[in-house]
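Engineer: Provided below for reference: sequence and predicted model.
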Amino acid sequence: MEVNMSQNISQNSNQNATTSVVGTAASRKDGRAKVTGTATYAAEHQLSGLVHGYVVTSPIAKGRIRSINTTAAAQAPGVIAVYTHQNSPQIFKPANNWMNSKIYEARLPLSDDQIHYAGQVVGMVVADTLERARHAAHLVQVDYEPQAPQVNARTANYQPSPPWFGEDFTFNSGSFSTGSAEVTGIEAQIEATYTTEMELHAPMEPHATIAHWQGKDAVTIYEPSQYVLLTQKTYAELLGLAVERVRILSPYIGGGFGSKAFPWPPSILCAAAARDLGRPLKVVNSRRQMTANAGHRSETEQTLKLSATAAGKLVLIEHLAKSCTSPVDVFPEPCTIVTPVMYAAPNIRLEQQLAVMNVGTPTFMRAPGEAPGMWALESAMDELAWTLKIDPVQLRIMNQTQSHQRKNLPFSAKQFTECLEQGAERFGWQGRSPEPRSQVSPSQTQDDLLVGWGMAAATFPGYRGATSAKVRLLPDGTAHVLSSGNDMGTGAYTVVGMTAADALGLPLNQIRVELGDSLLPDGGIAGGSQMTASLTPSVALACQEVLKAAEATTAAAAFEKLRQTGRAAFEATASTAPGEETKQFAFNSWGAHFCEVTVDELLGRLRITRWVSVMNIGRVLNPKTAASQVRGGIIMGMGQALMEECHFDPNTGFPVVYDLATYHFPAHADIPRIEVAFVGEPDLNFNPMGVRGVGEIGITGVAAAIANAVYHATGKRIRSLPILPEKLL
Ligand code: MOS
């Protein structure tokens, strides 16, 4: 197909086969800086005169503040200021429309005396040290008038879900239906309800902000941000400044997963208070504060009905999905987003419902919608396969759809069958003894362990956004690539460098990459698994443009010109964006997971002993960093499947987990070797690099693959996550 001419990048100009870097397993460019501690994260910046803020949070989940006494806190040693809703620093209401600005949550910090959830920010103490600020924060006396909170998702009041920003901005409500009211040809059917628990954001780096004002009308903000230029625009609106007066620095992010896409209340308060104080101010979330002030993934309840012919062809898919939001913003977990993508059926009925609870505001978390959606859909497909006595791999192959059934567009470069077949082959699926409880493994201390094999599909949309990148050729023989886009641990520094290396015909170590600074051209968002697909086309084009600017055919010739003429640099900036192809194709990445579990029924102990995943993501720019993304997603999926949950005290509404000891997630000993392979061709309909996203697909389908293996091992169908030991006894 034809693509926009300006994006028509020739991959192999200025290089020969021996210099190709793209496609090799290059190690991370930022790896050494990270392991030696020279990579500076937001909270680590040393500024002279820096003071420390510690937020005061609500112990009640609903009600109002009757009064606050700050006298003791203000008189404590080292205290510089105490803020409450009665003396909040000035914060302006942003448009909050995704284009000019976006915050979670919509309610501004300290805007009134109302309490909507436990952990809500009700004040902040600033002192000369962190310890003194924290101590004084505990001296703030707040008199609350509590009301009974709603913190039980099972008894919440669900309504049809309002619109959600999502798939190409077109996922209006999650409700969709096609086909007829009278469905005929049903010879087999399953209907079941699947639940997930609330999952908390727990990146290694907790949220942190340093705000450093230059006078009252310009500020530099050090904050981990997955979307540097929108964060810049958002702070400009919150602080009443021109956009150019705000600089965001986010060169390194210690994990984001969606929680660092937009500023949260403690950071906003930090920026506003720093202006008020005229001092650089640092605010770091404690782990406990992260539970309510960094977003989470809502619990979900999904009912799936799958109806099929005796031969296994689907005739009806019905999917009702429920999730919860906070009283102060709207975030439906869009589980039904995957349903029209995965399997063909003449009749499809989707519905999303949402309830309000007294919890912090939910937000994006790795594969929002797709992760819980695929848990339900891929569990249901397994149940149908058992009902029909059809191999679950075959059931998926025969029911896959070649078009996106809501968009009515054909998928580009889809190699889902290859994922399933190659995964089955690598795992040895054909050696499966199909009956539940039919495979055992000897144990030295107990009765035999039950062994189960399970599989599930994976998918994630191919998103791409408009980006720009600048490339400079310098007399020292290096090329410098600059963009505000960032690397939240994904490998962006590396793949950006590799793209430039090939486009310029240079070795990777002659490419310097600078990311995560709002002074640089708009690199787009590290979210929706789109940074690589969005940014690398601009990098490749800018490399071509800089050679044109140098009137040189090779980088070596351009460097020679610089040395001969004494010029400082050749420089070019290029921009790329999606075009007409989004009206001709639907873009998704595809995959298949195969796993083995052992279950000790005496102890309820489950171990994951083997894992094979095969992914189809278009061109694989770097098999090492891409496989690491998939592994990270799978490990996060194992947490969702087996461990992660946040419950609330029904009386106080306070979360009963609050740190990395009480919130369980997988550690190394829980994880087997994870084999990851890639199949398929470059998706050149999608972008000139042919690459789709890989950041989120890994988590999708993981929980279902495990639950399906548990069924095979034990004959027990577990429909509620996490699969805790007591559910296996
Ligand atoms: Mo992701 S949930 O798009 O950071």
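Structural biologist: Cool, the structure landed.
Engineer: make it CA atoms for all contacts and neighbour counts henceforth
Structural biologist: Will do.
Engineer: Now do the helices in the stretch 301-450 of the chain.
Structural biologist: Using DSSP state H, counting those that start in this stretch, the helices of the stretch 301-450 of the chain run over 339-342, 370-388, 392-399, 416-427.
Engineer: Extract the C-alpha set from the second one and format it as PDB.
Structural biologist: Read that as helix 370-388. Below are the C-alpha coordinates for helix 370-388, written out as PDB (Å, rounded to 0.1, in the frame of the first residue of the first chain):
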ATOM      1  CA  GLU A 370      -6.900  -5.800  27.600                       C
ATOM      2  CA  ALA A 371      -5.300  -7.500  30.700                       C
ATOM      3  CA  PRO A 372      -8.600  -8.200  32.600                       C
ATOM      4  CA  GLY A 373     -10.500  -8.500  29.300                       C
ATOM      5  CA  MET A 374      -8.300 -11.300  28.100                       C
ATOM      6  CA  TRP A 375      -8.400 -13.000  31.500                       C
ATOM      7  CA  ALA A 376     -12.200 -13.400  31.100                       C
ATOM      8  CA  LEU A 377     -12.300 -14.100  27.300                       C
ATOM      9  CA  GLU A 378      -9.400 -16.600  27.300                       C
ATOM     10  CA  SER A 379     -10.700 -18.400  30.300                       C
ATOM     11  CA  ALA A 380     -14.100 -18.700  28.600                       C
ATOM     12  CA  MET A 381     -12.500 -19.900  25.400                       C
ATOM     13  CA  ASP A 382     -10.800 -22.700  27.400                       C
ATOM     14  CA  GLU A 383     -14.100 -23.600  29.100                       C
ATOM     15  CA  LEU A 384     -15.700 -23.800  25.600                       C
ATOM     16  CA  ALA A 385     -12.900 -26.000  24.300                       C
ATOM     17  CA  TRP A 386     -13.400 -28.400  27.200                       C
ATOM     18  CA  THR A 387     -17.200 -28.400  26.600                       C
ATOM     19  CA  LEU A 388     -16.700 -29.100  22.900                       C
END
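Engineer: That helix: which residues count as buried?
Structural biologist: Neighbour counts over helix 370-388 (16 or more other CA atoms under 10 Å) mark 370-386, 388 as buried.
Engineer: per the record, what domains does this protein have?
Structural biologist: For the chain, the structural domains run 2-34+465-577, 50-148+204-255+260-293, 296-462+584-727, going by automatic domain parsing.
Engineer: before we move on, back to that, out of the helices of the stretch 301-450 of the chain, which comes closest to the ligand?
Structural biologist: Taking CA to the nearest ligand atom, helix 370-388 is the member of these nearest to the ligand, at 10.0 Å.
Engineer: could you say what helices and strands that closest one packs with?
Structural biologist: If you count contacts as 3 or more CA pairs under 8 Å, 6 or more residues apart in numbering; DSSP states H and E, helix 370-388 packs onto strand 188-196, strand 300-308, helix 392-399, strand 449-461, helix 702-714.
Engineer: Need the ones you listed in JSON lines (columns: distance to Val691, mean pLDDT and mean neighbour count).
Structural biologist: As requested, the helices and strands packed on helix 370-388 are exported to JSON lines (distance: least, CA to CA, whole Å; pLDDT from 0 to 100; neighbours: other CA atoms under 10 Å):
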{"stretch": "strand 188-196", "distance to Val691": "32", "mean pLDDT": "98", "mean neighbour count": "18"}
{"stretch": "strand 300-308", "distance to Val691": "32", "mean pLDDT": "98", "mean neighbour count": "23"}
{"stretch": "helix 392-399", "distance to Val691": "24", "mean pLDDT": "98", "mean neighbour count": "18"}
{"stretch": "strand 449-461", "distance to Val691": "12", "mean pLDDT": "97", "mean neighbour count": "28"}
{"stretch": "helix 702-714", "distance to Val691": "23", "mean pLDDT": "98", "mean neighbour count": "29"}
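Engineer: Appreciated, that's everything.
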